[in-house]
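[1] sequence and predicted structure, then a few things I'm wondering about:
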Amino acid sequence: AGDFSLPWDFVLSFGGRPAQVIAFFRDAHLLPEGWLYGLAFVLKHAEARGAFLDGAYSIFGWVSFFPKAFLYKTPLSLLVAIAGAILLATLRWPKITSAKTWFYRTTPLLVFFAVYWLFSLSSHLNIGQRHILPTYAVLYIFCGLLGWAVQRALQQTRAGGFTALAGLTLLLGWHIKTGGATMSSFFQTVQNSLHQKSAREQILIQTAVLLIAIYAVWQIAVSPALGIMERSATQLPLQQAQISRMQSMQQEAIQLQAKNSLSETDSVRALQTLAQTLGPQARLVPQGTQATLEIKSMRPDVLAQFLMDARAVAQATVTDAKLARNNNEWEGSLILRLPSRTTSN
């Protein structure tokens with residue numbers, strides 16, 4: 001058993017500014033003496049403490065002690081959940097939330113996790129996993145991404161949603177059932193089982209594991225990338241055609257902007273000339289700053305061509321349309337706004 005009745009001079013012998021602060025608070029009675037004694041006791045014994053790791057002994061500990069303790073003592077089901085959450089956050093990051101909102105909401109957890117682990121790695125007090133247990137709360141919150149993924153999957157497709165829900169349910173059941181199954185015990189069980197197999201069976205098992213790993217890498221990393229490359233090859237011509245169309249429309253807009261505006265009289269005259277090309281199915285009625293085009297049994301392509309010509313030649317734009325479709329032909333009326341100038345060039 002440890003001796004917890006050591007004199008003050010001994011527990012403050014670690015020296016430095018922390019010891020001076022503790023002594024000042026004790027002498028000034030600013031904090032309970034028992035609490036200050038416990039703090040000094042811990043700091044004194046944290047200078048050097050016997051610890052064991054992977055068959056080695058040290059009184060100053062190792063930087064790798066807590067990372068290894070985390071891997072050895074954390075249930076394998078939780079490690080799988082953490083890995084899944086990391087993969088999900090990497091692949092689906094843009095759809096989770098904006099970076100600003102994400103950092104604003106998670107900064108307290110991230111700061112706590114980073115600071116706690118920073119002090120743990122630099123500590124010489126390597127005596128158990130219990131010293132990093134507070135950080136597990138952050139990891140469980142992070143694993144909540146799996147629940148978000150199930151919710152999104154249920155909103156998209158029923159089959160995918162129920163598959164994701166079943167997978168999460170199995171993971172939770174595994175975590176509850178195993179209770180304390182850790183990575184070290186899992187590997188020990190696998191190792192003992194392999195040693196009981198013949199050399200031929202061990203080779204077959206190792207080959208099967210290797211093939212499964214290759215298949216997983218293919219499905220997760222390689223296959224999606226190849227699919228994107230194949231789809232891009234078929235979509236590239238369509239995108240190039242769309243870009244060419246947009247550039248053509250841009251040039252047309254520039255040309256229209258460079259033209260001098262027509263007067264209302266000239267615009268009406270141009271519209272009447274264009275309306276005559278439509279035949280008896282169309283009638284143009286000028287009304288001040290606008291003109292009404294009445295159409296009957298007009299083919300869609302003919303009407304579309306007229307509207308493009310009206311915009312380019314007469315500088316008239318459609319402000320209202322009341323059309324009905326009858327046997328693949330349009331009938332009704334359109335109101336075109338005339339240019340605002342009142343005199344001709």
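    Right, received. Where do you want to start?

[2] low-confidence ranges in the stretch 51-200 of the chain?
    92-99, 177-187 (pLDDT under 70).

[3] in it, which spans are strands?
    51-53, 56-58 (DSSP state E, counting those that start in this stretch).

[4] V313 reaches Q272, doesn't it?
    No. Applying CB atoms under 8 Å, one finds V313 not in contact with Q272, separated by 11.5 Å. C-beta: built from backbone N, CA, C; applies to glycine.

[5] coming back round to it: highest mean neighbour count out of the strands of the stretch 51-200 of the chain?
    Burial of the strands of the stretch 51-200 of the chain is given as mean neighbour count (mean count of other CB atoms under 10 Å); strand 51-53 ranks first at a mean of 15.

[6] partners of it, with directions?
    Here strand 51-53 is paired, per DSSP bridges, with strand 56-58 (antiparallel).

[7] show me what I335 is bridged to.
    Bridge pairing for I335 - DSSP bridges - gives T292, D320.

[8] so it versus V313, what's the distance?
    With distances taken as CB to CB, to the nearest Å, I335 is found 18 Å from V313.

[9] residues contacting the residue of the chain most remote from its centre?
    Largest separation from the mean C-alpha position in the chain: P280, at 59.8 Å (CA atoms, centre = their mean). Contact partners of P280, counting by CB atoms under 8 Å, 6 or more residues apart in numbering, are absent.

[10] give me the contact list for the helix or strand where A304 lies.
    Following DSSP states H and E, one finds A304 within helix 300-312. Helix 300-312 has contacts (CB under 8 Å, 6+ apart) with 252, 256, 270-271, 274-275, 277-278, 282, 295, 316-318, 328-330, 334, 336.

[11] ok, now with 7 Å
    Identification of contacts with helix 300-312 by CB atoms under 7 Å, 6 or more residues apart in numbering yields 256, 271, 274, 278, 295, 316-318, 330, 336.

[12] I'd like to know which of these are part of strands.
    Among the contacts of helix 300-312, the members found in strands (DSSP state E) are 295, 317-318, 330, 336.

[13] if anything else comes up later, I'll come back, but that's it for now.
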